[in-house]
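A.B. asks: next input, structure requested:
(chains A and B)
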Amino acid sequence: MAVSVDEAVSTGPARDHTPSARRLGGRGRSVLEVALLTVLAVVMLFPVLWMIETSIKENRDVYAIPAKFFGFKVTLDHFKDVFAASGGGRSALSVSFLNSIVVAGVSTALATVLGVPAAWAYSRFSVKAKKDQLFFILSTRFMPPVVVVIPIFLMYRQVGLIDNKLGLILIYTAFNVPFTIWMMKGFVDEVPAEYEDAAMLDGYTRLQAFWKFTLPLLLPGIAATAVFALIFSWNEFVFAIFLTSSDSVRTAPPAIAGLIGGTTVDWGLVAAASVVFALPVLVFAYLVRKHLVAGVTLGAVRR
Amino acid sequence: MAGIEVTALHKRYPDGTVAVEHVDLSIGDGELFVMLGPSGCGKTTTLRAIAGLERQTTGDIRIGDTLVNDLPPAERDIAMVFQFYALYPHLRTRDNLAFPLRAEGLPKAEVRERVDEAARLMRLGPLLDRRPNRLSGGEQQRVALARALVRRPRAFLMDEPLTNLDAELRADMRTEIKHLQGELGTTMVYVTHDQVEAMSLGHRIAILNKGRVEQIGTPLEVYDRPASLFCAAFIGSPPMNLIEVEVADGKLRGQSGLVLTPPPGLPRDRRLVAGVRPEALEVTEPGAERSVPARVVSAEWLGDEIIYVVDHGGQRDVRVRMPSTVRFAADAPVGLRHTGGPPPVYDVSTEELVA
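C.D. replies: Residues are numbered from 1 along each chain as shown, chains lettered A, B, ... in the order given. All right, here's what the predicted structure looks like:
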């Protein structure tokens, strides 16, 4: 990929040189580029690779000096430890994964259910001070979560949402709704309003027209938007660690972080838990990658 | 079938923009009525209010004898054709046509019969099993027309249905729509910004500007006697020459001395402008009888005719339509004279027709 791009670029300005000089210059540049890209790829991917390796090494290989890249004995014990407690039954980690699934899933669903109709309304109807409203909605995303975490903590303590899954679901939904509205508005703008007009003339109410004709055309956009929202909720760490404390409520990110910091760190378990944590989002993003690109370039960037 | 009465229509959106200031229309049963105007003049909003897709702020709409102000679109018994066709993308042509009928709950046999009839009228036979994405623009618009037909509505509403087609197809479809409307005899309200479309289709034309009706009349009336300076400048290609005139000894005289045939009943003591069609002027050899000296600024050869832009010493250059056999070089000294009957005359301050 990188090489072909380089060739396409270098043929233009190099036209004046002799063929051999051009070939040499082109090859020199592409070699350099490939080398740089390789270094970059190694730097980027090494932690991931190391995490995967560590998760399948036996403890004695994990701590081996010099480190073993190859030729270690493969074991799945750490993965077993992620899900099963040592005394039998479910481990605390597996409970946290379940919590993550519930919190991320429900908050994404809520954000979609609230955000998509709102985006439709902003796209279709003439609303007083529409631009100001949309800007206000976007502005809720301006500040980093850390800024609001203490006020939220105090408010949640008042209403008893501390250490409560509902509390996390609500805060994640609040963060995802503005994003959903903005991204979906771009998609709704792309669907001609005439479909709904025609359906209304054919005897449907406005809501039925939206439901039957516009919504099916929006599905790719909804998928892309939902994946982004899901990734945000799944990965969220700051609120999760401040607002939850017990193992039964805690989501995976703080739970995995909690594995580090005792007298001894079971790096194999940390790595295995991280692999399990990263996998669903990777698989999900891979499945909808086409819509993700469409969503970024078509939905969010326009206007 | 039914006529449509629009009384004192006013539409103001929640964000404060006024789309329709005041519109009164009386559309006859079986009439092909065209609403013409520049974009933003309120013609589409008026049409959508008739369809029930917009609720007017004030004013009444009657279709036939029914006051439809509070009826949803489906209960107004009208069909609408849109600029972007709006065929349901997941349905084949056949199902797109049948859709409104099934929504009404008609028996299967009748649905099939009506779909076949509409398909025959619009010659859609080979297209019946295709989805919209496999139809060309013209085909999609024919399907959209057929979908309006199958319902046998009391009135058709057309919202710039030909704008997205290329020029040749547009001319064909224009003929087809006119023919169809004549054959079915159904009331049709047709919105366009294209004056050629309006002139060639309409039994009557309403010219709208800034949310108000400027003029309603037959194509001939609208062309010959535009009711306001706006209409005068809007209709015709090239449009009317607006020449400042004064009344002197029973004659109508332009600043350059150009003499026009005066219409009866001209008011005194007002600044007046005469609207002179390019074909009511003539470029002559210099010094010809009744002509004023002038100079050709430029000439546009259009094949069957030439449009001369002529400087005759007035405030603005005038455009003159001449047969292509009469040729003058650019910059040539020529004469200019008025050959037509009395032109419409407007008051400069009120911009309205005074004689």
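A.B. asks: any idea how many residues pack against B:Ala103?
C.D. replies: Neighbours of B:Ala103 under the rule other Cβ atoms under 10 Å in any protein chain shown: 15. Just so you know, the C-beta spots here come from the backbone N, C-alpha and C atoms, and that holds for glycine as well.
A.B. asks: run a quick neighbour tally on A:Glu236.
C.D. replies: 22.
A.B. asks: wait, it touches A:Tyr172, no?
C.D. replies: Yes. Using Cβ atoms under 8 Å as the test, A:Glu236 is close enough to A:Tyr172 to be in contact (6.4 Å).
A.B. asks: ok, the residue lying closest to A:Thr205 once chain neighbours are set aside - contacts?
C.D. replies: Closest residue in space to A:Thr205, ignoring its immediate chain neighbours: B:Pro72 at 7.3 Å, by Cβ to Cβ, 6 or more residues apart in numbering or on different chains. Residues in contact with B:Pro72 (Cβ atoms under 8 Å, 6 or more residues apart in numbering or on different chains) are A:Met200, A:Thr205, B:Gly52.
A.B. asks: who in chain A is up against chain B?
C.D. replies: A:126-130, A:192, A:194-195, A:197-198, A:200-205, A:213, A:216-217 (Cβ under 8 Å from any Cβ of the partner chain).
A.B. asks: quick one: buried ones out of the residues you listed?
C.D. replies: Buried by 16 or more other Cβ atoms under 10 Å in any protein chain shown: A:Pro192, A:Glu194, A:Tyr195, A:Asp197, A:Ala198, A:Met200, A:Leu201, A:Asp202, A:Gly203, A:Tyr204, A:Phe213, A:Leu217, out of these.
A.B. asks: in a helix, B:Glu197, correct?
C.D. replies: Yes. Counting by DSSP: H, G, I helix; E, B strand; the rest coil, one finds B:Glu197 located in a helix.
A.B. asks: so how many other residues sit close to it?
C.D. replies: Residues near B:Glu197, counting by other Cβ under 10 Å: 23.
A.B. asks: what's the spacing between it and chain A?
C.D. replies: Distance of B:Glu197 to chain A, given as Cβ to the nearest Cβ, to the nearest Å: 20 Å.
A.B. asks: excluding chain neighbours, what is closest to that residue?
C.D. replies: Counting by Cβ to Cβ, 6+ apart, the nearest residue to B:Glu197 once its immediate chain neighbours are dropped is B:Arg174, at 6.1 Å.
A.B. asks: all helices of the stretch 51-200 of chain B, in order?
C.D. replies: B:93-104, B:108-121, B:137-149, B:167-184, B:195-201 (DSSP state H, counting those that start in this stretch).
A.B. asks: quick one: closest of the ones you listed to B:His338.
C.D. replies: B:His338 sits nearest to helix B:195-201 of all those, at 23.7 Å, using Cβ to Cβ.
A.B. asks: and stretch B:286-301, average pLDDT?
C.D. replies: Across stretch B:286-301, the average pLDDT comes to 89.
A.B. asks: what of stretch A:101-112?
C.D. replies: 95.
A.B. asks: same thing with stretch B:43-54?
C.D. replies: 93.
A.B. asks: what about the residue nearest to B:Glu197, how many residues close to it?
C.D. replies: Using other Cβ under 10 Å, the number of residues around B:Arg174 comes to 19.
A.B. asks: so it touches B:Leu162, yeah?
C.D. replies: Yes. Between B:Arg174 and B:Leu162 there is a contact at 6.5 Å, judged by Cβ under 8 Å.
A.B. asks: now do the shared contacts for those two.
C.D. replies: Joint contacts of B:Arg174 and B:Leu162 (Cβ under 8 Å, 6+ apart) are B:Glu197.
A.B. asks: show me what the helix or strand harbouring A:Thr38 is packed against.
C.D. replies: Assigned by DSSP states H and E, A:Thr38 belongs to helix A:19-55. Packed against helix A:19-55 by the contact rule (3 or more Cβ pairs under 8 Å, 6 or more residues apart in numbering or on different chains; DSSP states H and E) you find helix A:2-10, helix A:267-287.
A.B. asks: quick one: closest of those helices to A:Ser30.
C.D. replies: Closest of these to A:Ser30 is helix A:2-10, at 4.7 Å (criterion: Cβ to Cβ).
A.B. asks: now the helix holding A:Thr38 and helix A:267-287, what's the angle there?
C.D. replies: 130 degrees (axes from the mean of the first three to the mean of the last three Cα atoms, to 10 degrees).
A.B. asks: buried residues of helix A:19-55, list them for me.
C.D. replies: A:Arg22, A:Gly26, A:Arg29, A:Ser30, A:Met51, A:Glu53, A:Thr54, A:Ser55.
A.B. asks: how far is that helix from where the chain is centred?
C.D. replies: With Cα atoms, centre = their mean, to the nearest Å as the basis, helix A:19-55 stands 26 Å off its chain's centre.
A.B. asks: try stretch A:77-87
C.D. replies: On Cα atoms, centre = their mean, the centre of stretch A:77-87 falls 27 Å from the chain's centre.
A.B. asks: ok, residues contacting it?
C.D. replies: A:55-56, A:58, A:90-94, A:266, A:268-269, A:271-273, A:275-276.
A.B. asks: the domain parsing of the chain - what is it?
C.D. replies: Let's take chain A. Listed by automatic domain parsing, the domain ranges of chain A are A:1-50, A:92-300.
A.B. asks: should've been chain B
C.D. replies: Split by automatic domain parsing, chain B gives B:4-230, B:239-347.
A.B. asks: any idea which of those domains is most buried?
C.D. replies: Ranked by mean neighbour count, the domains of chain B are led by domain B:4-230 with a mean of 19 (mean count of other Cβ atoms under 10 Å in any protein chain shown).
A.B. asks: and the end-to-end length of it?
C.D. replies: For domain B:4-230, the first-to-last residue distance is 26 Å (Cα to Cα, to the nearest Å).
A.B. asks: which sections of chain A are below the confidence cut-off?
C.D. replies: A:1-25, A:292, A:294-303 (pLDDT under 70).
A.B. asks: any idea how far the helix or strand of chain B with the lowest mean pLDDT is from the chain center?
C.D. replies: Lowest by mean pLDDT, DSSP states H and E among the helices and strands of chain B is strand B:251-254, with a mean of 85. Here strand B:251-254 is found 32 Å from its chain centre; the criterion is Cα atoms, centre = their mean.
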